[in-house]
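Visitor: Sequence plus the predicted model coming up.
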Amino acid sequence: MLATPWSEDFGLRVPIVNAPMGGVAGGRLAAAVTAAGGLGMVGMGSTATRDALAAELQLVNGRFGIGLVDWVMRSEAGLLQDALAARPALLSVSFGSDWSWVGQARDAGIATATQVYDAVGAQRAADAGVDILVARGAEGGGHGEVRLGTLPLLDAVLDAVSVPVLAGGAVASPRSLAAVLAAGASGAWVGTRLAACPEALSGEMSRRALIDAAGTDTRVTRDFDIAAGLPWPERFPSRVLAGSEADDVQGAPVDAGQGVGMVRDAGTVSEVIGEMCSGAETLLARWGRT
């Protein structure tokens, strides 16, 4: 079975954590990822509420994590407290620079994670006590800084810190999973590939758009956030499918990273993770790593 020292220490059968995609990564997806051996994350995005978190947590089963957007967490009073009270195995908070939440999670015995985009940001997060860093490359779908590609970023972050680092951004196939593990990542932060699974909250038109898209069919934009009046900081644009709109939220984009070309079907989470991990294991063995 594919594993890393971190995944084994964290109690996972495979080194995969699903990205906590707002509007996509609900309780059903989290439960399915955990059942497949990874860590399932419930994502609370731009429009998170305490009621929405409570509803999705009713669907989790086994270990799970929770992902929050920093500026949303600070505007929705009680959201962080509810997340901590749910006792997740991992709390991820990204898109901010106030680290006070880290100590609150530590006091509750909950591991923490955050996305980083360069070595300086990685060092700041590690110095603040964050347990696990997500090196999110510019290829990734959804919101994030567009600075370095996944592999150059992973190199820089691994050189800068000693805490476990997960690689995110176009990790959507056995080969890309094997590549980031061979480069030293402790695991993969997988988003777009799982967004097309039936367990995700994606609508049918969104799912079909992901399956039909090529890797060159994405663009980085702030247009949708501005139109919706969402106060995303300017440095965090979103990578979406060019020209797409979801079928369940009028005018909303379909978030997708450049790994979307590897999404060729709407396989279940178990099938997707099984294929990615077995394929990566075969490749790593072929490359001389056991």
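Guide: It's in. Numbers count the residues shown, from 1 in each chain.
Visitor: Pull the residues that contact the longest helix along the chain.
Guide: Counting by DSSP state H, the longest helix found in the chain is helix 269-286. Identification of contacts with helix 269-286 by C-beta atoms under 8 Å, 6 or more residues apart in numbering yields 1-2, 14, 16, 29, 32-33, 35-38, 173-175, 177-178, 181-182, 190, 193-194, 197, 199, 267, 290. All C-beta atoms are positioned from the backbone trio N, CA, C, and that covers glycine.
Visitor: Among those, which ones are in helices?
Guide: Going by DSSP H, the helices hold 29, 32, 33, 35, 174, 175, 177, 178, 181, 182, 193, 194 from the contacts of helix 269-286.
Visitor: so what's the fifth one up against?
Guide: In other words, residue 174. Residues near residue 174 by C-beta under 8 Å, 6+ apart: 275, 276, 277, 278, 279, 280, 282, 283.
Visitor: Please repeat the previous calculation with a cut-off of 6 Å.
Guide: Contacts for residue 174 (C-beta atoms under 6 Å, 6 or more residues apart in numbering) come out as 276, 279, 280.
Visitor: Spatially, which residue comes closest to it, not counting chain neighbours?
Guide: Once flanking residues are discounted, residue 174 sits nearest to residue 279: 2.5 Å by C-beta to C-beta, 6 or more residues apart in numbering.
Visitor: Looks to me like residue 130 is in a strand.
Guide: No. Residue 130: not assigned to a strand; according to DSSP: H, G, I helix; E, B strand; the rest coil it is coil.
Visitor: give me every residue that touches it.
Guide: Per C-beta under 6 Å, 6+ apart, neighbours of residue 130: 102, 112, 114.
Visitor: What about the last one? Give its phi and psi, please.
Guide: Here the main-chain torsion angles of residue 114 (degrees, to the nearest 10) amount to phi -160, psi 150.
Visitor: again, but for the second one
Guide: Note on residue 112: its backbone torsions stand at phi -120, psi 150 [degrees, to the nearest 10].
Visitor: Just grab the bridge partners of it for me.
Guide: residue 91 (DSSP bridges).
Visitor: Please name the residues that touch it.
Guide: 91, 102, 105, 130, 131.
Visitor: any chance of the ones in helices among the contacts of helix 269-286 in a markdown table, plus distance to residue 212?
Guide: Listed next are the ones in helices among the contacts of helix 269-286 as a markdown table, based on distance: C-beta to C-beta, whole Å:
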| residue | distance to residue 212 |
| --- | --- |
| 29 | 21 |
| 32 | 23 |
| 33 | 24 |
| 35 | 28 |
| 174 | 21 |
| 175 | 21 |
| 177 | 23 |
| 178 | 26 |
| 181 | 29 |
| 182 | 30 |
| 193 | 15 |
| 194 | 17 |
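Visitor: With distance to residue 74 added, can I get the contacts of residue 112 in JSON lines?
Guide: Listed next are the contacts of residue 112 as JSON lines, based on distance: C-beta to C-beta, whole Å:
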{"residue": "91", "distance to residue 74": "15"}
{"residue": "102", "distance to residue 74": "14"}
{"residue": "105", "distance to residue 74": "15"}
{"residue": "130", "distance to residue 74": "17"}
{"residue": "131", "distance to residue 74": "21"}
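Visitor: list the contacts for residue 94?
Guide: Residues counted as contacts of residue 94 (C-beta under 6 Å, 6+ apart) are 114, 115.
Visitor: oh, and call the first residue 16 from now on, that's how I've got it
Guide: OK, 16 is where the count begins now, so the last one is residue 109.
Visitor: Kindly state the pLDDT recorded for it?
Guide: Reading off the confidence values, residue 109 has pLDDT 98.
Visitor: Ramachandran angles for it?
Guide: Main-chain torsions, residue 109, degrees, to the nearest 10: phi -130, psi 170.
Visitor: Same question for residue 175.
Guide: Note on residue 175: backbone dihedrals following degrees, to the nearest 10 are phi -90, psi -30.
Visitor: wait, isn't it in contact with residue 136?
Guide: No. Residue 175 is beyond contact range of residue 136, at 9.2 Å (criterion: C-beta atoms under 6 Å).
Visitor: Now flag whichever of the contacts of residue 145 is closest to residue 256.
Guide: residue 129 (26.0 Å; C-beta to C-beta).
Visitor: distance of that closest one from residue 34?
Guide: Going from residue 129 to residue 34 by C-beta to C-beta, to the nearest Å gives 13 Å.
Visitor: Please say which of these two ends up with more neighbours.
Guide: Applying other C-beta atoms under 10 Å to residue 129 and residue 34 shows that residue 34 carries more neighbours, namely 31 against 27.
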